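S.K.: Model the following, please.
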Amino acid sequence: MKKIFAALLCAAVLCSLCGCGAAEEPAQTKGVVVTDIFGDSAVLNAESRVAFGYTSFAQCWQLAGGEPLGVTLDAVEDRGMDLPEEVEIIGTVKSVDLEKLIALSPDYVVLSADLTAHTELKDSLREMGIPCGYFRVDTFDDYKSLMVQFCAVTGRDDLFEQNVTRVEENISSIRVSIPEGNGESVLLLRAYSTGVRAKTDDNLAGQILREFHMENIADKSPSLLEELSMEQIILEDPRYIFVTTMGDEQAAEEYMRLNMESDPAWSSLTAVKEGRYIFLPQDLFHYKPNERWDESYEYLAKIIYPEIFG
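M.R.: A predicted model of the protein is given here:
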């Protein structure tokens, strides 16, 4: 971490020496260069006022020793973030209140590259002279990369050690214990109050299952990604069925009960008959687990390889 931290600091110094010369640079521009996934950069330091349109990124900032200037409503209502009273609510994750955001005069705004509502803010923020960065975290390595930058800004390599290095070591110990070769077949579903879809590795549960050498039947039958076919599911008869839920968990489970479990063919599936039809907890498999990423790995490992991790 110290080598990475030093490299980032060096990059920031070089940045501050470009153009008009270091003597003419205002003091507030000195800091660490933060670069988003599109290659856009800004220079931040531990005193920078940073607002967040995505709660998981705000949590990462806290884990790095920072305190957000503004967050969306779900940070309080859904995620229960412990925030100082002065932190402002700037709308919802899908509808950031641009007026409230601009009124805060942030030095930087952190947004999600996966949300159209966020990418549409870019031009407006730039017109107002407010730097913004877009990030994506689908894997532990994505989380680690983000935390490298955040901890370099705050200067808290101790928190990197605590919230990233320790977690990575735990994940590594799980990975090396996973048997080589092809694993069992699996169907990964995402359920919500009005529907259900098959998923592959475009989410954290799918990524972990792939690392565990599981064979996702949606990879062999891509048509399942467009429309679930009970006939195809019966034909493949996966050994495991995992379900992540989005939004209201109870409503998503009710949808599954009424629209999937009510089909007599569903109860004929091996995974259902043998108790391997499992709903995964939202805090580990829908929301980004951040410093709990190792718990997500361990949760699935105990189910799939109980003889090793039980």
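S.K.: alpha carbons only for contacts and neighbour counts from here, please
M.R.: Noted.
S.K.: Note down every partner strand of the longest strand along the chain and its orientation.
M.R.: As far as residue count goes, and with DSSP state E defining each element, the longest strand of the chain is strand 185-192. Taking DSSP bridges as the criterion, strand 185-192 pairs within the sheet with strand 195-199 (antiparallel), strand 215-216 (parallel), strand 240-245 (parallel).
S.K.: residues near Thr270, how many?
M.R.: The criterion is other CA atoms under 10 Å. On that basis, Thr270 has 17 neighbouring residues.
S.K.: what does Asp142 give?
M.R.: Asp142 is surrounded by 14 other residues when neighbours are defined as other CA under 10 Å.
S.K.: May I have the phi/psi pair for it?
M.R.: For Asp142, the backbone dihedrals (degrees, to the nearest 10) come out as phi -60, psi -50.
S.K.: tell me the contacts of the nearest residue to it once chain neighbours are set aside?
M.R.: Of all residues beyond its chain neighbours, the one nearest Asp142 is Arg136 (7.1 Å), with distances taken as CA to CA, 6 or more residues apart in numbering. Taking CA atoms under 8 Å, 6 or more residues apart in numbering as the contact definition, Arg136 lies against 37, 112-114, 142.
S.K.: Take those residues and keep only those in helices.
M.R.: Secondary structure from DSSP state H places Asp142 of those in helices.
S.K.: In strands, which of the contacts of Arg136 fall?
M.R.: In strands, defined here by DSSP E, the members of the contacts of Arg136 are Ser112.
S.K.: And the contacts of Arg136, which is closest to Leu258?
M.R.: Asp114 (30.7 Å; CA to CA).
S.K.: I'd like the distance between that closest one and Tyr134.
M.R.: Spatial separation of Asp114 from Tyr134 under the definition CA to CA, to the nearest Å is 9 Å.
S.K.: With Glu99 instead?
M.R.: Distance check for Glu99 against Tyr134: by CA to CA, it reads 20 Å.
S.K.: Have a look at those two and say which one is more surrounded.
M.R.: Set Glu99 next to Tyr134 and count neighbours by other CA under 10 Å: Tyr134 wins out with 20 against 10.
S.K.: Just to be sure, that one is in a helix?
M.R.: No: counting by DSSP: H, G, I helix; E, B strand; the rest coil, Tyr134 is located in no helix; its state is strand.
S.K.: Just grab the bridge partners of it for me.
M.R.: Tyr134 has the following beta-bridge partners by DSSP bridges: Leu111.
S.K.: Now tabulate the strands paired with strand 185-192 in a markdown table and tack on distance to Glu86, mean neighbour count and mean pLDDT.
M.R.: Converted to a markdown table, those look like this (distance: least, CA to CA, whole Å; neighbours: other CA atoms under 10 Å; pLDDT from 0 to 100):
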| stretch | distance to Glu86 | mean neighbour count | mean pLDDT |
| --- | --- | --- | --- |
| strand 195-199 | 39 | 18 | 94 |
| strand 215-216 | 46 | 22 | 95 |
| strand 240-245 | 32 | 23 | 98 |
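S.K.: So which of these is nearest Ala64?
M.R.: Closest to Ala64 of those, according to CA to CA: strand 240-245, at 28.0 Å.
S.K.: Relative to the whole chain's centre, how far out is that closest one?
M.R.: How far strand 240-245 lies from its chain's middle: 18 Å, per CA atoms, centre = their mean, to the nearest Å.
S.K.: got it, and stretch 56-66?
M.R.: Averaging C-alpha positions (CA atoms, centre = their mean) puts stretch 56-66 12 Å from its chain's average.
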